[in-house]
Structures are given as structure tokens and as C-alpha cells.
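In: What follows is a predicted protein model with its sequence.
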Amino acid sequence: MITSIRTIFKNEKVIPICSTILGILFIIAILAPWITPNDPVAVNLAYKLQPPSWNFPLGTDHLGRCNLSRILYGARISLGFAILIFISSLAIGLIIGTFSGYKGGWVDHVLMRFCDAVMAFPSLILVLGLVGIFGPGLSQVILALMLVQWVYYARMFRGMALSLKEQNFIPAAKISGSSQWKIIKNHIIPNVLPPLVVMGTLEMGWAIMDISAMSFLGLGVQSPTPEWGAMIHEGKSYIRTNPELMLYPGLSIMLVIVTFNLLGEALSERYGVKRRF
Amino acid sequence: MSLLQVNEVTHSYGNRTFFKWQNRSKKVLSDISFSIEEGTCLGMLGTSGAGKSTLGKVILGLEKPKHGQILFQGHDIYTVDKYTRQKIRRDLQVVFQDSYSAVNPRMTAERIIAEPLENYEKLTLAEQKRTVIELLEKVGLGEKDLKKYPHQFSGGQLQRINIARAVSLKPKLIVLDESVSSLDMVTQTLILELLRELKEDFGLSYFFITHDIKAACMISDTLGVLEKGELIEHYNSKNEFFSSENPVVKEMRGSILAEHPRFRSIRTKSNYI
Amino acid sequence: MGTDKSKVLQVRDLHVQIKAKNGITTLVQDINFELKPGEILGLIGESGCGKTVTSMSILQLLNRKETTIEGSIMLKGQELNGLAEKEMRKIRGKDIAFIMQNPMNAFTPVFTIGHQFVETIRSHTSLNKKQATELAIESMKQVNLPDPGKLLKYYPFQLSGGMLQRVMIAIAASLHPAVIIADEPTTALDVNNQKNVLRHLDKIRSEYGSAILLISHDLGVVSEMADEVAVMQHGKIVEKAGVFQLFDSPKHEYTKKLLNARPTLYLEEPMTNLI
């Protein structure tokens, strides 16, 4: 049985299958307002905690809201904002990291010591702290996550820029007359980006987890906005009677993260990229 | 005025620690002076570790020496202002030893060769493409190679692309840092012949760094010998090198392998049956 | 000289194919040659012609799952092709030694030279650590390495390429193998070290009678060392002859092309007068 699981991972079809699943999820997230059967925030206590029916395909939660609608809308937040955080922290980390690695000297030292200081804290604790300062709310959580995540990317990009500097095409570009920024733009960035696009799929899993974790703690999304982590938080009081209130969002999170991770592993094996950890 | 004048260049790699007495600096070049005239090739011989590559980097303007100056066309390349420096840059080019690491693996051959042209010449896209194709044909490749990536070329072909890039601006001096040492013998000879041809056609001067005496003799007009960071000899002709009584040079000559088995000097009679 | 005993290594009809996604590719075919004790066979050709594949198949180091090897490889009368890995391990290092092209890659960076040297000796003999170390030191003296006792404690990155190559030769020679395969032993070195390395190889050959398969793309190496030369192109041996005959009257077009491609010294007087 273990060999058959291994062969699943080695199967070339992992990449197209996972990409298709993620593609479908993204389309669902975009089309959510048109395909949901009911209003996700409509409270109707008469219908509370109903089993699946024609009107409510996955039943209702403790406030009579449609579970399926909430899951579908939750996809928008989880996926959408995960991408937002990922891209913005990647962009900041890319610019600062490659510049630091290329420049070297005291510029590099100062920037990296700053990153060291931020990395000394467990990231979630730091995010909690920042949210404590900014106040609870979705945009505050996203800002906090962005501010914490970019240092990891900066460190990574800087390391890659350093090893690129050893290659002869950097001095060759200098001798061809290219300026510092032209070298960073044309030579360093194109060479550090591809491995990280692959790793990004793994990072997305973490980003979704972070948002869900914050919402679960009540710090991210505020009621009644549907978000998977928040739904688990609300559902935990009903764990004995209606476990599906936690199961639906929990399984959704799991599906997305596992798909991203499988895709990331398959891509990194295909393109020979090393993982962060 | 010589094209390149190297004056008393000394360079060392130091370990700058907080404690001054722990000066673990390693002297790499000591008091080197020589010149290269326009249209000639100086072959710089020496064993690995003698400091040849460091000297190449210093001449190219990549590493400032601790003492001494490099005068290129009369300008001290380390003290001129940025504008003049950029102007001088185009006349001083390089071909490195490792052809693969000298090119950006994500760029096509066209972009690689066009980079110097983009920086210095204001050509339209069509003109630039035409110039690149001409250069490719000059080095023995063709239009079909424009859109290929480095991994699709062999080491020898990639070195031709590096050469095309180096001559694209019709420079005055090219530093060839062990440019053929990583290639197999047949390709070495072909590339050396190409370099000779380009030297004639464009009136180039070369600073040819190598440890291979045969390769140096194929292309050089004058020879220099670097040993442990010092320039121990500078010959104005190849015959001077071969008739020199200097013991280091004699040892170098002795290390040349035979061209024909009747000249062989290593094989001894077997003690074993 | 017609008995099989006089040939220490005999390769007959060697045919190596590799299974790729788009079919079967032939790497080398119809390879026939033999090595006599104390003789050197030079194998020459451009990069990619199959020289390394040939040596790897003699050592049975090719990936069994992807490559098929047909033909006979006889070492002192024993068939090597298809031999069980356990048996092959006893032969590698002791009866056939291998000297690689890039000495820096041949050693594990995390262990000292001494550790790797002694490990090789002890895996083939019953010597204890002290005796193995003495043998190692003796072997290193043979290749003129200074202060061998101290050198054994160094890590590979602390030695230059030339010295590492000599250590590799010392390891290869220490067990007095019948055959040494030297794959481009001088290519990664500068010219000053090249002749020294070749001298050491010749010394081993003349003192212990080892036969050497000397692979190189440099005609200078072959003209200095080889008794017989085989020229390879595109996976086949296109010409095989005694070294003088090959240089004086080459028969195949490719051999002629190789001989004409040598960088010559462009001097007025012949070389012998000046060296």
C-alpha cells in the first residue's frame, strides 16, 4: 500500500489534476455571487440547524444561514486574500532581498539584521501582536501578515542573489556596460523568480492557514462575513450535535491546502527546486 | 602611447578583522608593470594560483588594486569620473573561461549578444537584429541560433557566443581569461583560429591568460610569465621564450607534451616482464 | 603471446543501449579491445563520443534499470558483464582501479583524505588501521607527495587539484591493481602538473605491471604515454593501431582530422632543439 501511495506522487498526472482542481475552486470563488443558492448572511432563526434539503443543500448553521452559500463565499476570502498576501509580501521581499544581496557591504548587513530581528519572533505571535496594535478586522490581519511574511522572502531572495553573483554573467553584464539596476532587473530577478513561483504554491497553503487561524481566534474576519476559519470558530460550540458546522469549512481548508501542497511538491520535483524546510 | 599600461600593480586579499595584529592578508600580485601595444596579443603564462585571473580582473576594472594604476588609452580607469568610465568600458571587453556561467541561462542568444549594443548604440530593433545575425555568422553560427537558450548549445558554441558579445562593440582590447581551457582539443584549435581571424579583421588586441603554452603560442605576439604574483619575464617574441635560460621558464618548456610519439620523454622501460 | 593469459582485460563486442522516453538509444557499439600487462591503451575522441560510457560499463557502474549492456568483458579470465554487485565490489578498487577526471569531485568533502584512503584499503584487505595507514603513506611517497603523514589529516578542499590527483593515483596504485582506468586524468590540471601525473602513472605501470586504459581528448597525452591507440567517434571505434602507426599513417578520416587539429607551436625551428 505504501508503494502505491508513492506511485501516486510520482505520477505525472498530479500536476494537471491538482491544477484543474485549483482552477475549479478559483472559478467558484469568482462566480460565487451568481452560483450560491441563498444569501450567505441572511439570518433566519426559524430554519436553524436544518439537515440538507432542496433549499439548503448542505443544511443550515445555528443562525439559519445556508452552509453551502457560506462555504462558497468563504472561498473568495480565503483564496482571494491568500493570493493578495502572497503576492505583496513576495514583491516587497523580492525587491529588498535582491538589492541587498547584490549590493553586499553594510547595506546588506543592515537589512539582514533587521530581518533577523523580525524572524526571531514566531511569525504567528508577531502577527497577533500587530493585530493587537491595529485592532481586529480583515484588512488589519492582511496588513499584519504582509508585514511579517516579506522578511522570509527577502532572506531567500538575498541568498539566491548572492550565489548568482558568483556566476560570471554578472561581471560580464557589468563589462557590457549595464547599470546596477539593469543587472538586477534583467539578470538577477529572472533567475531567482522561477524557483519561487514553484514554492509559492506551497506558501499559499500557509497563507490560507494563517488567515483561517486568525479568524478562528476571532481576530480576522468579523461576523457575519463568511470565512472558513471563522466558521469553524462559530461551529465549535455545536461540535456534539452538529459537527458538520465545523466539518464543512474544515474539509474545505484541507482540500485547498492539500491540493496546493501536492501541486507544489510535484512541481518542485519536476523542476528540481529545494523546499524551504 | 600604449593601448594598455600596467604600472606597479600590487594586490592582496586581506582579512579585515577588528584586531590589527591579525593581518592575515595574502599577497596576490607584486609590483607588476607591462604594456600592450595596439593590434598585438600578449600571452600571460603561469601556473594556477600564480595570480593570472586576479590580474585579468584588475585590468578589466572589476577589482581595484591596493597599489598601482591601470592606464587604458591614457586614462587611469580607477580614478576617472563615471562618464569617462562608461565611455572607456566599451573598448575593454572579456571572454571568461567557463562559457556556461558567463551567460544568463534565461536569455536567448540574441539578447545575450545584444546587451552591449543596447547599452551603447541607439539602434532600432530591426537594425539590432541584423547586427546580431552578422555577429553570429562571423563567429561561425547562424540566424537559426538567435532564439536558442544556452543549454541548447555545446561548450564550444557557447564560447563563440561569448566572443560575439565581446566583439559586438568593436572594442580595442579583449581580456581572454583561459577562454579555451575548458574545451576539448579540436574545439580549442577552432576557437583559437577564430580569435586570430577576428584580431586581423577588427584590429583587436588581446590579453590572453592561460597555462597552456601551445595555446598561447598559437595566438600571441609577445609572452609574459607570472609566477607567485610576480612578473618574472616579459618576452617580445616567442623565440625569446624558447631560448630563455630562466629556470622557471625552462621547467615550463619541459612540461609541454610531445606532438609525436618519437619525442616522448615520460615512458621508461618496464621492470615488470 | 597468443594465450588468453597474456591479456589482462578483454572487451568483446561491447554494446550499450539506454532506454529513454522516446525509445532506445545506442551509446556505444562493437567495442573490441584488449589490454596486456604493463601496456597502455589510449582511448581518444571528442566529448560525447562514448569514452566514459565504455569505462563505466567495464566497471559495471551504469544504471542497470535504464541501460542494457551486451558483450563480454573479461578480467583475468573472469566475466564481468552481469556479475553480481557483491562480487563486483570486491573487484573494484583492488583488481580494477579508477582515476577520475575532476579530483575535487572524487572525494567526500566531509571526511579527511586519510579516512577515505584507509577505508578503501581496509575494505579490500585484512589490514588493521595502523597497517593500512602505513601502506597509504608508502603509496603517497611513491607519487612524491611531501609529508604524507600530515597530508592524511587534511580535508579535500585544503589541497590543490594537482595534489588531489596525485592522492587519487596513490589510492589507485596502493593495492597494485591489474588494470587502471584513467579517465581524462590531466584535463583538470594545469600543464605543469600534467607531466608529473603522467610520470606517476608510468611509474606504477613499470613497477607493478598494471595495464592502463588512458582516456583523453588530448593527443599530447596519448603520444607521450600510449602503446596502442583506439579512436572513438559517435560510440564506435573507428581506428585502432599502434601509436607510431597511428600518428604516421592514419587511415580513417576522423583520425586525420584529429591529428590535423593539434595546436602547433608556430615556430621556425623544430621543437626538439628548443626544449
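Out: Looks like it came in fine.
In: Kindly provide the distance from the residue in chain A positioned nearest to chain B to B:Gln73.
Out: Residue of chain A nearest chain B, by Cβ to the nearest Cβ: A:Gly177 (3.6 Å). For glycine as for every other residue, the C-beta is placed from the backbone atoms N, C-alpha and C. Distance of A:Gly177 to B:Gln73, given as Cβ to Cβ, to the nearest Å: 16 Å.
In: that older thread, may I ask you to confirm that the residue of chain A closest to chain B belongs to a strand?
Out: No - A:Gly177 sits outside any strand when classified using DSSP: H, G, I helix; E, B strand; the rest coil, being coil.
In: Next one, pLDDT for it please.
Out: Note on A:Gly177: pLDDT of 87.
In: quick one: it and B:Gln86 touch, right?
Out: Yes - the criterion here is Cβ atoms under 8 Å, and A:Gly177 meets it with B:Gln86 at 6.6 Å.
In: Comparing those two, which residue is more hemmed in?
Out: Per other Cβ atoms under 10 Å in any protein chain shown, whichever of A:Gly177 and B:Gln86 has more neighbours is A:Gly177, with 19 against 14.
In: Which residues are in contact with the nearest residue to B:Gln97 once chain neighbours are set aside?
Out: Nearest residue to B:Gln97, sequence neighbours excluded (Cβ to Cβ, 6 or more residues apart in numbering or on different chains): B:Glu178, at 3.9 Å. Neighbour list for B:Glu178: B:52-53, B:96-97, B:209-211 [criterion: Cβ atoms under 8 Å, 6 or more residues apart in numbering or on different chains].
In: A:Leu25: which of those residues is nearest?
Out: B:Phe96 (48.0 Å; Cβ to Cβ).
In: The closest one and A:Leu84, how far apart?
Out: 43 Å.
In: do B:Asp212 as well
Out: On the measure of Cβ to Cβ, B:Asp212 and A:Leu84 end up 58 Å apart.
In: before we move on, the earlier item: can you count the residues close to the closest residue to the residue of chain A closest to chain B other than its chain neighbours?
Out: Spatial nearest neighbour of A:Gly177, excluding adjacent residues (Cβ to Cβ, 6+ apart): B:Asn119 at 3.6 Å. When neighbours are counted by other Cβ under 10 Å, B:Asn119 registers 17.
In: where's the residue in the stretch 151-275 of chain C positioned nearest to chain B relative to chain A, distance?
Out: Proximity to chain B, evaluated over the stretch 151-275 of chain C using Cβ to the nearest Cβ, is greatest for C:Gly220 at 3.0 Å. Using Cβ to the nearest Cβ, to the nearest Å, C:Gly220 is found at 28 Å from chain A.
In: number of nearby residues for the closest residue to that residue other than its chain neighbours?
Out: Leaving aside its sequence neighbours, C:Gly220 sits nearest to B:Leu257 (Cβ to Cβ, 6+ apart; 3.0 Å). Residues near B:Leu257, counting by other Cβ under 10 Å, number 23.
In: show me the contacts for residue 79.
Out: Unless you meant another one, I'm taking chain A. A:25-26, A:29, A:208, A:256.
In: Correction: the question concerned chain B.
Out: B:Gln69.
In: Which residues of the stretch 1-150 of chain B lie near chain A?
Out: B:57, B:60-62, B:86, B:89-90, B:92-94, B:96, B:98, B:101-107, B:115-116, B:119-120 (Cβ under 8 Å from any Cβ of the partner chain).
In: buried residues in the strand or helix carrying A:Val198?
Out: Take DSSP states H and E as the rule and A:Val198 turns out to sit in helix A:189-216. Using 16 or more other Cβ atoms under 10 Å in any protein chain shown as the test for burial, helix A:189-216 gives A:189, A:191-193, A:195-196, A:198-216.
In: go on, stretch C:66-83?
Out: Those would be C:67, C:69, C:71, C:73-75, C:80-81, C:83, for stretch C:66-83 by 16+ other Cβ under 10 Å.
In: that's a helix at B:Phe207, yeah?
Out: No - assigned with three-state DSSP, B:Phe207 falls outside any helix and is strand.
In: What count of nearby residues applies to the closest residue to chain A within the stretch 151-273 of chain B?
Out: Distances between the stretch 151-273 of chain B and chain A by Cβ to the nearest Cβ are smallest at B:Arg165, namely 6.9 Å. Using other Cβ under 10 Å, B:Arg165 has 27 neighbouring residues.
In: residue in the stretch 51-200 of chain A nearest to chain C?
Out: Counting by Cβ to the nearest Cβ, the stretch 51-200 of chain A gets nearest chain C through A:Glu166, at 16.0 Å.
In: my read is A:Pro224 is in a helix, agree?
Out: No - assessed with three-state DSSP, A:Pro224 is coil; it does not lie in a helix.
In: list the contacts for it?
Out: Counting by Cβ under 8 Å, 6+ apart, A:Pro224 has contacts A:41, A:43, A:63, A:65.
In: quick one, longest helix in the chain?
Out: In the absence of a named chain, this looks at chain A. helix A:67-103 (DSSP state H).
In: hmm, I had chain C in mind actually
Out: From DSSP H, the single longest helix across chain C is helix C:191-208.
In: hmm, it touching chain B?
Out: Yes - for helix C:191-208 and chain B, the contact criterion (Cβ under 8 Å from any Cβ) is met by C:191-195, C:198-199, C:202-203, C:205-208.
In: and which of those residues is nearest to chain A?
Out: C:Val191 (23.0 Å).
In: Quick check: chain neighbours aside, which residue is closest to the closest one?
Out: B:Ser255 (4.8 Å).
In: who touches that neighbour in this structure?
Out: So B:Ser255 contacts B:213, C:191-192, C:194-195 (Cβ under 8 Å, 6+ apart).
In: what's the pLDDT at it?
Out: The predicted local confidence for B:Ser255 is 84.
In: Phi first, then psi, for it.
Out: phi -90, psi 0 (degrees, to the nearest 10).
In: got it, and B:Leu4?
Out: When read as degrees, to the nearest 10, the backbone of B:Leu4 gives phi -130, psi 130.
In: What's the local residue count around it?
Out: 22.
In: who's in contact with it?
Out: B:35-36, B:59, B:70-72, B:173, B:205, B:207.
In: Now, those that are in strands?
Out: Mapping those onto strands (DSSP state E) picks out B:35-36, B:70-72, B:173, B:205, B:207.
In: helix/strand/coil for A:Leu58?
Out: Reduced to three states with three-state DSSP, the structure at A:Leu58 is coil.
In: So it versus A:Thr20, what's the distance?
Out: Distance, A:Leu58 to A:Thr20, by Cβ to Cβ: 23 Å.
In: coming back round to it: the contacts of A:Pro224: which two are farthest apart?
Out: Across those (Cβ to Cβ), the longest gap, 9.2 Å, separates A:Val41 and A:Leu63.
In: who touches the residue lying closest to C:His217 once chain neighbours are set aside in this structure?
Out: Nearest residue to C:His217 in three dimensions, chain neighbours excluded: B:Asp184, at 4.1 Å (Cβ to Cβ, 6+ apart). Contacts here follow Cβ under 8 Å, 6+ apart; on that basis B:Asp184 touches B:156, C:46-47, C:217.
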